[in-house]
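Undergrad: Need coordinates for the following:
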Amino acid sequence: RKKIVNLEPLMLTTLAALVPEDLDADIKIVDEGIEKGSYRGELYDIVGISCCTASAERACALCRYWKMKGAYVVLGGPHPTLNPKEAAAWGDSIVIGPAEESWPRLLRDFINEKAQKFYYPAEGAAMISSPVPKRDVRGRAYTPVPSVIANRGCVYPCDFCTIQSMWRKLPHKRPIGEVVREIQTLKNKYIIILDPGPSSDPEYTKE
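TA: So this is what the prediction gives:
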C-alpha cells in the first residue's frame, strides 16, 4: 500500500507547448521515469530527448535506435548543456540551455531543411517567458497535484550542484504575472512549486 510520489516534470509538456501551432504536429510524450518506453513499429520525423548525466547512457542508446529508424534526433537538457561536444556525437542537433526560443526555431529550420548542429539561447535578457505547459498530452501516472516552476536558477554557489554551471548569465526567472496566470488556470487548491531554490531570491518569491 505504499504510495510513490511522482511529481509532474514540466520540461516535456513545456516543449510540447512550444511547438508552433501552424506546423500541425502530432506530439507524443514518453517519460521513461514513470513508464517503460514501447517504440516497436513507431516512426517519427523528429525525436527530442532530454537527459541528465544519470540517464546519458540510455539517451545515447535511444539516439542510435531512432537514427536507425530514420528520425532526426535532437538532444537537450542538463547533460548536453554541460557537455555539448559529447552530445554532438549522438544527436543531429543539440539544444543548449533553455529551449523557449531555440526549440521552435529548430523545428522551423528542420521543416525548411536548414537545421543547425547547435542551438544556443540568447543571453542578456532579465526574464524568460515560458508558455503554460501542455498538460493534456502528459501521462496520468503523476501525483494529482499540478506543479509550477517560476525560477529555475539559484544564487547559492554549492559546489555539488550543476545549476550555477548550467545557467550562468542566462535568464532563468519567469515574469511574475505569467506565473500567476498559469496558477489561476490550474483551478487547484494545492500546487507544487518546483523551483530549485525559492529562498535564493526572497523578493521575487514573495511577490
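Undergrad: mean confidence for the helix ranked longest in the chain?
TA: For the chain, the helix with the greatest residue count under DSSP state H is helix 56-68. The average pLDDT for helix 56-68 rounds to 96.
Undergrad: buried ones in that helix?
TA: Buried residues in helix 56-68, counted by 16 or more other CB atoms under 10 Å: 56, 59-60, 62-63, 66. Any C-beta I mention is one placed from the backbone N, CA and C, and that applies to glycine too.
Undergrad: What of stretch 107-127?
TA: Residues of stretch 107-127 classed as buried: 107, 110, 115, 119, 121 (neighbour count, 16+ other CB under 10 Å).
Undergrad: got the buried residues for the worst-scoring helix or strand of the chain on mean pLDDT?
TA: Least confident helix or strand, the chain: helix 163-167 with a mean of 81, by mean pLDDT, DSSP states H and E. Using 16+ other CB under 10 Å as the test for burial, helix 163-167 gives 163, 166-167.
Undergrad: Kindly indicate which of the buried residues of helix 56-68 lies nearest Trp90.
TA: Cys63 (4.2 Å; CB to CB).
Undergrad: Tabulate the buried residues of helix 163-167 (JSON lines), appending distance to Lys28.
TA: Compiled in JSON lines, the buried residues of helix 163-167 are given as follows (distance: CB to CB, whole Å):
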{"residue": "Ile163", "distance to Lys28": "29"}
{"residue": "Met166", "distance to Lys28": "27"}
{"residue": "Trp167", "distance to Lys28": "29"}
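Undergrad: Nearest to Arg152 among these?
TA: Among the buried residues of helix 163-167, Trp167 lies closest to Arg152 (CB to CB), at 6.9 Å.
Undergrad: Enumerate every residue touching the nearest residue to the closest one once chain neighbours are set aside.
TA: Using CB to CB, 6 or more residues apart in numbering and skipping the chain neighbours, the partner closest in space to Trp167 is Gly153 (4.9 Å). Neighbouring residues of Gly153 by CB atoms under 8 Å, 6 or more residues apart in numbering: 163, 167, 172-173, 196-197, 200.
Undergrad: and these, which two are the farthest apart?
TA: Within these, two members stand farthest from each other by CB to CB: Ile163 and Lys173, at 13.0 Å.
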